[in-house]
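Engineer: Dropping a prediction and its sequence here:
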Amino acid sequence: MDDSKGWREILALTALKGRYCRYLDTKRWEQWRELFTDDFVSDTSAAGGRVITGADEFVRYLRATLGDGKTTVHQVHNPELALTSPTTATGVWALHDIVHLAPGLDLHGYGHYHETYDKHGDTWRIASSRLTRVREDIRTPLVSVRLSPRLRDAGAALARRSDR
Amino acid sequence: MDDSKGWREILALTALKGRYCRYLDTKRWEQWRELFTDDFVSDTSAAGGRVITGADEFVRYLRATLGDGKTTVHQVHNPELALTSPTTATGVWALHDIVHLAPGLDLHGYGHYHETYDKHGDTWRIASSRLTRVREDIRTPLVSVRLSPRLRDAGAALARRSDR
Amino acid sequence: MDDSKGWREILALTALKGRYCRYLDTKRWEQWRELFTDDFVSDTSAAGGRVITGADEFVRYLRATLGDGKTTVHQVHNPELALTSPTTATGVWALHDIVHLAPGLDLHGYGHYHETYDKHGDTWRIASSRLTRVREDIRTPLVSVRLSPRLRDAGAALARRSDR
């Protein structure tokens, strides 16, 4: 590989994982599907899940499970990326994810994605992903029962206005 | 653009957003102002806010709203950066922000900054920023009512000592 | 320095901090030790801690304090990295860390690592690290007291299965 172009590969791999999180959390399923190789393998068995083979099956499963109305947040950190050939790469990403389980009840998970990537033409895709967990918390973030609706709305509006 | 120098632009754009968060949360308003172009546009309308034009006005507004005594945390993740010309770039960053609303009452927000950057001389600045939200939570993080002050202080001191 | 290779140094420094967090949270103490220079200096005095000199002493102290059974999460963000010579670099990282203090009692900290790095041969190591804090929260994330064990297990299992 032309060493002086390697930063472009890292930039693309970083954006790939960024889009993985963003399209998943904004429910852009068709665009999300395009981020995986056709024979993508997801392995969440070490985190209590199972192995799913095939990007179509994986997207179908996630879409059915998380639904279009279920709020999720996936944020990734601390990348450990490596280019292993001109068309292959590996990466480890720390994950903080929030899955809304029920009204006032969320799961906050912390762990790591261990992944491989393939480049076809100019496009990098996720070829495999294995999830391990450091911890999982059940939290009740919404304290609307403790707040008057008026105060909560006022607080949220204030924060929205002031937030950048 | 000399392709072999592109990594320096990405490094600078990444540090720019790092400083945006750090100077904002540590209330270094004068240094924070220097991170924006004079005609910077902030658009938080999709997140319940409004459009503010001009870096001076934007900094004045944020400083007045968040105040010098109000604790905030802004952490950004999952960058999707692209160099669009030798002096322009775009970026999407996932955001987790915490705004202290009142004693024992915080807003935790999750969303995305959609931004443009301009380079003048050797310096990149933020030219525009649009905020979208995935979710917002109101939380009561401080459980001092449930902890004796002695236990809380001991716990915080222990964690401080042990934390790296 | 050959400018076209700089992206490799940034990649290595980023992975170094990624491993710092991952090996710490997964208790891989021997591998963690290898990430520091022998004369590494840790300074958490601005965050209520103290100065520790020497990587062996630092690792021994952290291992004794955090223990092998104590769950921690360290996630870093917003890097401000700079190459200051072919064999030295500096970096600022935003930190979110969670330290389990007692059953149902966690400390969530937010702050910044201010660090220096040295390169010996092909390997970058952390030479010094100073921690500053923006805020610290005590939280009670586990609401098992409010959930029936059956519901909690079902929720966790669902989230594990559905999570990617």
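Structural biologist: Structure received. Numbers count the residues shown, from 1 in each chain, chains lettered A, B, ... in the order given.

Engineer: quick one: contacts for A:Arg28?
Structural biologist: Counting by CB atoms under 8 Å, 6 or more residues apart in numbering or on different chains, A:Arg28 touches A:Arg22. Any C-beta I mention is one placed from the backbone N, CA and C, and that applies to glycine too.

Engineer: What spatial separation is found between it and A:Ala64?
Structural biologist: Separation of A:Arg28 from A:Ala64 (CB to CB, to the nearest Å): 16 Å.

Engineer: do the same with A:Gly49
Structural biologist: From A:Gly49 to A:Ala64 the distance is 14 Å (CB to CB).

Engineer: The two: which is more packed in?
Structural biologist: Neighbours of A:Gly49 and A:Ala64, each counted by other CB atoms under 10 Å in any protein chain shown, are more numerous for A:Gly49; the result is 19 against 10.

Engineer: Confirm for me that that one is in contact with A:Leu131.
Structural biologist: Yes: A:Gly49 lies in contact with A:Leu131 (CB atoms under 8 Å); the separation is 7.2 Å.

Engineer: Please name the nearest non-neighbouring residue to the most centrally placed residue in chain A.
Structural biologist: With distances taken as CA atoms, centre = their mean, A:Cys21 lies nearest the centre of chain A, 3.6 Å away. Distances taken as CB to CB, 6 or more residues apart in numbering or on different chains place A:His74 nearest to A:Cys21, at 4.2 Å, with adjacent residues excluded.

Engineer: for chain A, which spans come out with low pLDDT?
Structural biologist: In the predicted model of chain A, residues A:1-2, A:68, A:141-164 satisfy pLDDT under 70.

Engineer: Try it again at 80.
Structural biologist: By pLDDT under 80, the low-scoring segments of chain A are A:1-4, A:67-70, A:100-105, A:138-164.

Engineer: All the helices of it, in order from the start?
Structural biologist: A:6-25, A:29-33, A:55-66, A:149-162 (DSSP state H).

Engineer: could those go into a markdown table alongside distance to C:His108?
Structural biologist: Listed next are the helices of chain A as a markdown table, based on distance: least, CB to CB, whole Å:
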| stretch | distance to C:His108 |
| --- | --- |
| helix A:6-25 | 21 |
| helix A:29-33 | 30 |
| helix A:55-66 | 26 |
| helix A:149-162 | 18 |
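
Engineer: so which of those helices is the most packed in?
Structural biologist: Ranked by mean neighbour count, the helices of chain A are led by helix A:6-25 with a mean of 21 (mean count of other CB atoms under 10 Å in any protein chain shown).

Engineer: quick one: that helix to chain centroid distance?
Structural biologist: Distance of helix A:6-25 from its chain centroid, counting by CA atoms, centre = their mean, to the nearest Å, is 11 Å.

Engineer: And stretch A:120-136, by the same measure?
Structural biologist: How far stretch A:120-136 lies from its chain's middle: 9 Å, per CA atoms, centre = their mean.

Engineer: buried ones in it?
Structural biologist: A:124-136 (16 or more other CB atoms under 10 Å in any protein chain shown).

Engineer: ok, and which of those residues reach chain C?
Structural biologist: With CB under 8 Å from any CB of the partner chain as the criterion, those include A:129, A:131, A:133-136 near chain C.
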